[in-house]
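> no sequence on hand, only this structure:
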């Protein structure tokens, strides 16, 4: 059973990734795949995420080949920090996130995991400055 409680945890200092007052969040949020993150991990604002087409859940973006990875879709940027809290079994639950950017402008230097392939996949939706 998935834990759908939204959990927030802040970094030690504010991280403003948005470079514009005009932006849009994904409708209805996304679900992060707890098994793809370190137990009790703090996922910081600005982390680049993608949807796994098999599970339908989101995970950190990574491209080892310089191309957008096969089997992944819907790249987004997390605009809130989320702290996973392990279950009694010692594993992360799946967690929902609501502040997920799909349109706007962001500061390139504030992003975690951004690559040229990620930027290309978001071309026309997100402007990187």
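Structure received. Owing to the predicted nature of the structure, the values given are computational and were not obtained by experimental measurement. Numbers count the residues shown, from 1 in each chain.
> what sits against residue 49?
30, 32, 58, 59, 60, 61, 75, 76, 77, 78, 100 (C-beta atoms under 8 Å, 6 or more residues apart in numbering). Backbone N, C-alpha and C define where each C-beta goes, glycine included.
> surely the second one and residue 93 touch.
No - with contacts defined as C-beta atoms under 8 Å, residue 32 does not count as touching residue 93, sitting 9.4 Å away.
> of those two, who's got more company?
Neighbours of residue 32 and residue 93, each counted by other C-beta atoms under 10 Å, are more numerous for residue 32; the result is 26 against 18.
> show me what the more buried one bridges to in the sheet.
On the basis of DSSP bridges, residue 32 is bridged to residue 58, residue 95.
> you'd agree residue 118 is in a helix?
Yes - the assignment for residue 118 is a helix, going by DSSP: H, G, I helix; E, B strand; the rest coil.
> in this structure it contacts residue 67, no?
No - applying C-beta under 8 Å, one finds residue 118 not in contact with residue 67, separated by 10.5 Å.
> the two: who's more crowded?
More crowded of residue 118 and residue 67, by other C-beta under 10 Å: residue 118, with 22 against 12.
> what's that one in contact with, if anything?
By C-beta under 8 Å, 6+ apart, the contact set of residue 118 is 48, 61, 63, 68, 75.
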